[in-house]
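Participant: turn this into a structure:
(chains A and B)
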2 protein chains.
Amino acid sequence: MNTSIETMLSRRSVRSFELNKTIPEEVLNTILKVGQQSPNSANGQQYSVIVVDNQNIKDQLVEITAPSSGNKMTYISKAPIFLLFVIDYNKIEKAIAMEGQEMIASENLESLLVGSVDVGISISAMSAAAESLGLGTVVVGAIRKDTTKIIDLFKLPKYTFPIAGMAIGYPSEKASTQITPRLSMETFAHRNVYKLDNFEKHLADYNQTMKEFYATRGIQDLTWSKFICKYYTKELYTDIAEVYQKQGLGLK
Amino acid sequence: MNTSIETMLSRRSVRSFELNKTIPEEVLNTILKVGQQSPNSANGQQYSVIVVDNQNIKDQLVEITAPSSGNKMTYISKAPIFLLFVIDYNKIEKAIAMEGQEMIASENLESLLVGSVDVGISISAMSAAAESLGLGTVVVGAIRKDTTKIIDLFKLPKYTFPIAGMAIGYPSEKASTQITPRLSMETFAHRNVYKLDNFEKHLADYNQTMKEFYATRGIQDLTWSKFICKYYTKELYTDIAEVYQKQGLGLK
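Facilitator: Next up, the predicted model:
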């Protein structure tokens, strides 16, 4: 155990920020440096980040990410900074063109995996850096709800695609300090072979744990299984494949 | 600046491990806890990790990930632990079935993005935890070179798919301590809108920087542009889409 690990183990998403408390430019720059230095596939650096501090743009993001039912993510407009992460094969294409050659790999699904994993690695590193400096963060996948609007809003060129966002700011007193429990370690970590023994038992235990957890937030009779059903028993963001290909990238 | 940030900024991939120095079980468990606690989409926990310490399996991984030309990743077999990260909608499917409902969202490309980004987030957190404990890590995307063999080797069930790997161990004296330079910050971080000004200039500067960097490793006349051409001017891992769908997952 050490401070880094304690910080990561007590990590929770922050969705309530101190208003009027901006992030000093040198703090932001340090976080960006960590994001840029994080490991990436073949040093391709196939992603970029848009730092959003314009209030009007943050307000628009609240509308673009609004769920069809339920609460809008108003914390996006209240956070001093929102970071939009894009897969970026535009830079790669330009570098290859300079050598008089043609980019081919971006036609393959593999290039989407490379970009998505690397964006995840960078987000996580930047979040850890931000948290070590007293900031709070929340990752926002809902920027994929309407990627066409996001592409228009940020003028994302060919060979780029928005993958995830992160709101960042100083946690307000209203920010939750509860750490979300997880399924048992046996269901997460396997040894040498995938083996999911007694999942029903682990699931029943976890459903009970989460029922109590939701109750502390004023939600009664909800289990993890029921919660998960809300997300995964319907289609989600059905135009991603189409928009991705419109950006000149492929899923072969 | 603080210790966490200094560790992340001085981070480098470790590909040479102290032989015969195993990772204590409590250290491994701490790293796994960090990986499990890292943020994930809607608390779906849609991934799992296989902890590989079996020498025969690590040796097989060296063969499966071997590039068609160039050096094998023998460090996989020399690392005390190799972690294989899989997207895991198997657990989600079981939880939904328990509620008498059917998983639908796994048919959409969105579910692959959720899983890939979350795997990246988890890898990064586990890597940072490992590094804070004196270990070194290297992320291995080449496990996607032959996902059919990986699926067979680890008996990965329907609704799961291997996304990335990470070798982990104590750095040997031979491990590089050089930090790989990156493209200029202006090409990585944009403000409120995507704007890639003067990329040719930034690229020329970076090519010069990397030429000198490669030279310190005994490689002459290589620039970043030329290096990138090796990867992205050909198709890579062309069967991913097919194998992914064979696992019962969709790209709609």
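
Participant: specify the beta-bridge partners of the residue nearest to A:Leu83 when sequence neighbours are not counted.
Facilitator: Sequence neighbours aside, A:Met166 is the residue nearest to A:Leu83 in space, at 4.7 Å (criterion: CB to CB, 6 or more residues apart in numbering or on different chains). Using the backbone N, CA and C atoms, a C-beta is placed for each residue, glycine as well. Here A:Met166 sits in beta bridges with A:Leu83, A:Val139, going by DSSP bridges.

Participant: how about A:Met166, what does it touch?
Facilitator: A:82-83, A:85, A:123, A:126-127, A:137-140 (CB atoms under 8 Å, 6 or more residues apart in numbering or on different chains).

Participant: tabulate the residues you listed (CSV), appending distance to B:Ser68 and neighbour count.
Facilitator: Compiled in CSV, the contacts of A:Met166 are given as follows (distance: CB to CB, whole Å; neighbours: other CB atoms under 10 Å in any protein chain shown):
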residue, distance to B:Ser68, neighbour count
A:Phe82, 42, 25
A:Leu83, 37, 27
A:Phe85, 32, 27
A:Ile123, 32, 27
A:Met126, 35, 26
A:Ser127, 37, 29
A:Thr137, 41, 29
A:Val138, 42, 22
A:Val139, 36, 24
A:Val140, 39, 25
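
Participant: out of these, flag the one nearest to A:Lys252.
Facilitator: Closest approach to A:Lys252 among the contacts of A:Met166 (CB to CB): A:Phe85, at 23.6 Å.

Participant: secondary structure class for the closest one?
Facilitator: strand (DSSP: H, G, I helix; E, B strand; the rest coil).

Participant: quick check, the residue in chain A closest to chain B?
Facilitator: Nearest residue of chain A to chain B: A:Gly120, at 2.0 Å (CB to the nearest CB).

Participant: just to be sure, that residue is in a helix?
Facilitator: Yes - counting by three-state DSSP, A:Gly120 is part of a helix.

Participant: okay, now the unreliable bits of chain A?
Facilitator: Along chain A, segments meeting pLDDT under 70 are nowhere present.

Participant: that one: strands as residue ranges?
Facilitator: Applying DSSP state E to chain A gives strands spanning A:47-52, A:81-88, A:136-140, A:160-169, A:189-191.

Participant: which of the ones you listed sits closest to B:Ser10?
Facilitator: strand A:47-52 (21.0 Å).

Participant: the closest one vs strand A:160-169, what angle?
Facilitator: Put simply, strand A:47-52 runs at 50 degrees to strand A:160-169, going by axes from the mean of the first three to the mean of the last three CA atoms, to 10 degrees.

Participant: paired strands for strand A:47-52, with orientation please.
Facilitator: strand A:81-88 (antiparallel), strand B:189-191 (parallel).

Participant: pull the CA atoms of the longest one into PDB?
Facilitator: Translated: strand A:81-88. Output of strand A:81-88 as PDB, limited to C-alpha atoms (Å, rounded to 0.1, in the frame of the first residue of the first chain):
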ATOM      1  CA  ILE A  81     -13.100  21.700 -18.000                       C
ATOM      2  CA  PHE A  82     -14.500  19.000 -20.200                       C
ATOM      3  CA  LEU A  83     -12.100  16.800 -22.100                       C
ATOM      4  CA  LEU A  84     -13.100  15.100 -25.400                       C
ATOM      5  CA  PHE A  85     -11.000  12.200 -26.500                       C
ATOM      6  CA  VAL A  86     -10.900  11.400 -30.200                       C
ATOM      7  CA  ILE A  87      -9.200   8.600 -32.100                       C
ATOM      8  CA  ASP A  88      -6.900  10.400 -34.400                       C
END
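
Participant: touching that strand from outside, list them.
Facilitator: Outside strand A:81-88, the residues that reach it (CB under 8 Å, 6+ apart) are A:23, A:28, A:45-53, A:58, A:61, A:76, A:112, A:115-116, A:119, A:122-123, A:126, A:140, A:143, A:150, A:154, A:156, A:159-169, A:249, B:194.

Participant: filter these down to the buried ones, PyMOL style.
Facilitator: PyMOL command restricting these to the buried ones, with burial defined by 16 or more other CB atoms under 10 Å in any protein chain shown:
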select buried, (chain A and resi 23+28+45+46+47+48+49+50+51+52+58+61+76+112+115+116+119+122+123+126+140+143+150+154+156+159+160+161+162+163+164+165+166+167+168+169+249) or (chain B and resi 194)
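
Participant: distance of A:Lys91 from A:Lys158?
Facilitator: A:Lys91 is 12 Å from A:Lys158, where distance means CB to CB, to the nearest Å.

Participant: neighbour-wise, which of the two wins?
Facilitator: Taking other CB atoms under 10 Å in any protein chain shown, A:Lys91 and A:Lys158 do not tie; A:Lys91 has more neighbours (23 against 11).

Participant: pretty sure the more buried one is touching B:Phe199, no?
Facilitator: Yes - using CB atoms under 8 Å, A:Lys91 is in contact with B:Phe199, at 6.9 Å.
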